[in-house]
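Asker: What follows is a predicted structure for the sequence shown.
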Amino acid sequence: MNSKDSNSPNDKKSFQDKQKEEWVSQWIDDLNREEKPGEEAVENSNIPEDEKRELYEVLDTLRRVKSLRPGEQEEKEGVSDKEKGFPWRKRRWILAVALILVLVTSLSPMLTGNNGSSVVHAMEEALEHLRNYKGTVSFTMEINDQAMQESITELTVGENQAFRTVTQVAGREITRIYPGEDRMYTLYSDRENYVEISHVGEESLSFYQEIFLMESILEEIQEAVEITEIGQETLHGIETTKYQYRYHEDAPYHELWVDESTDLPIKVAHHSEHGDRSVRTMENLELNASEISEDLFIYEISEDTEIHYTSPEAEE
């Protein structure tokens, strides 16, 4: 399943990638119309300077290919198509093909290399084949390189976004059960026969998914404008490829570790502008586990259960 080196045409492109392709396409049109390609849009954009230089190199290559076009000097000299031995209409097709080749070969490393679209595509495919999984999720908040807060959660994820989490907090267990609908059930180990029922809207569901689910890491990476491979690293006995990514050129870099054998993200570290770091690590993962029953995501309320609704919507 490892497709780290793939540059599939189905790779998702960021907004900036699409913008670059539009600029190059416009330059080709300008050159074919014998007009000067506009560079102002690139110059005034907020893309990194190194990417601007790459785009200007593409434009320079396009101009060089265009300058090789035969015909103008031959037309001035009165040379007919028959005398040339090759019709100009066919020459125009060759020029078009040459420009397309320049576009593909020049943009491929720029649009699918450094920005890491291959790893994004590999993660997408891996998650598409993931029916369920379980494991341990640990969270650590680091300030000045010192761990200030840490929590450990046992996580089980089923189909249809259903999940069950058991978190150790202040000496007690907090269990959350989300069956994949609009309700969440929260149980506390120190309160027998007690349950909190919460309404789960799109925003609150997104909050829990961002904390616990691997799918949320993929969504984060899809929004990045720059992804760079750092190298290989062994993490808890697992061979991983490490990446750094960010959302704009002035933002701090974040870190990502991807399991080389599964193409799944197992660790992510977010850096703040103040130097703090929050780390989420997934360990002891079991993928597509047959013993995961849908019953894990169902909570049956008994007659003696004390129910606390956290909002009027939860009672409906």
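Answerer: Received, thanks. Everything numeric here is computed off the predicted structure, so don't read it as measured data. Numbering: from 1, shown residues only.
Asker: Is M123 in a helix, a strand, or coil?
Answerer: helix (DSSP: H, G, I helix; E, B strand; the rest coil).
Asker: these two touch, right, it and D263?
Answerer: Yes: contact criterion C-beta atoms under 8 Å: M123 and D263 qualify, at 5.8 Å. All C-beta spots, glycine's among them, are computed from the backbone N, C-alpha and C.
Asker: what about these two, which has more around it?
Answerer: Neighbours were counted for M123 and for D263 using other C-beta atoms under 10 Å; M123 has more, 24 against 21.
Asker: Quick check: that one vs V169, distance?
Answerer: Here the criterion is C-beta to C-beta, to the nearest Å. By it, M123 lies 30 Å from V169.
Asker: Can you show me the helices along this protein?
Answerer: Applying DSSP state H to the chain gives helices spanning 15-32, 40-43, 49-67, 72-76, 81-84, 88-112, 117-128, 202-212, 214-222, 312-315.
Asker: And the contacts of the second one?
Answerer: In other words, helix 40-43. Outside helix 40-43, the residues within contact range by C-beta atoms under 8 Å, 6 or more residues apart in numbering are W23, K52, L55, Y56.
Asker: Just the buried residues of these.
Answerer: For these, a burial check counting by 16 or more other C-beta atoms under 10 Å picks out W23, L55.
Asker: possible to save the contacts of helix 40-43 as a markdown table with pLDDT and distance to N160?
Answerer: Putting these into a markdown table (pLDDT from 0 to 100; distance: C-beta to C-beta, whole Å) gives the following:
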| residue | pLDDT | distance to N160 |
| --- | --- | --- |
| W23 | 75 | 41 |
| K52 | 76 | 45 |
| L55 | 77 | 43 |
| Y56 | 77 | 48 |
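Asker: which of the contacts of helix 40-43 lies closest to E35?
Answerer: E35 lies nearest to W23 out of these, by C-beta to C-beta, at 14.5 Å.
Asker: residues touching the closest one, list them.
Answerer: A41, V42, L55.
Asker: Neighbours of the first one, how many?
Answerer: What it means is A41. 11.
Asker: pLDDT value on it, please?
Answerer: pLDDT, A41: 80.
Asker: so how far is D60 from it?
Answerer: 17 Å.
Asker: can you check E219 too?
Answerer: 37 Å.
Asker: now swap in L213 and tell me
Answerer: Distance from L213 to D60, by C-beta to C-beta: 45 Å.
Asker: Counting neighbours around each, name which of the two comes out higher.
Answerer: L213 (19 against 11).
Asker: close enough to count as contact, that one and F163?
Answerer: Yes: counting by C-beta under 8 Å, L213 touches F163, with 6.9 Å between them.
Asker: Now do the shared contacts for these two.
Answerer: Between them, L213 and F163 share the contacting residues V157, judged by C-beta under 8 Å, 6+ apart.
Asker: quick one: low-confidence ranges for the stretch 1-150 of the chain?
Answerer: The stretch 1-150 of the chain contains residues with pLDDT under 70 at 1-19, 21, 50, 61-62, 64-116, 149.
Asker: What number of residues are in the vicinity of Y247?
Answerer: Neighbour tally, Y247, other C-beta under 10 Å: 15.
Asker: Oh, that last question was meant for L127, not what I typed.
Answerer: Neighbours around L127, by other C-beta under 10 Å: 18.
Asker: Quick check: the gap between it and D276.
Answerer: In terms of C-beta to C-beta, L127 sits 29 Å off from D276.
Asker: Quickly list what the nearest residue to A269 once chain neighbours are set aside is bridged to.
Answerer: Nearest non-adjacent residue to A269, counting by C-beta to C-beta, 6 or more residues apart in numbering: E255, 4.2 Å away. Residues in a beta bridge with E255, per DSSP bridges, are Q244, A269.
Asker: hang on, E255 packs against R246?
Answerer: No: look at E255 against R246 with C-beta under 8 Å: they stay out of range, at 10.4 Å.
Asker: show me what contacts A314?
Answerer: A314 touches R183, I197, S198, H199, counting by C-beta under 8 Å, 6+ apart.
Asker: meant to ask about E159
Answerer: Contacts of E159 by C-beta under 8 Å, 6+ apart are R131, N132, G180, E294.
Asker: out of those, who has the most neighbours?
Answerer: Neighbour-wise, the contacts of E159 (other C-beta under 10 Å) top out at N132, 20 neighbours.
Asker: distance of that residue from F297?
Answerer: 10 Å.
Asker: Also E215?
Answerer: For E215, the distance to F297 - C-beta to C-beta - is 16 Å.
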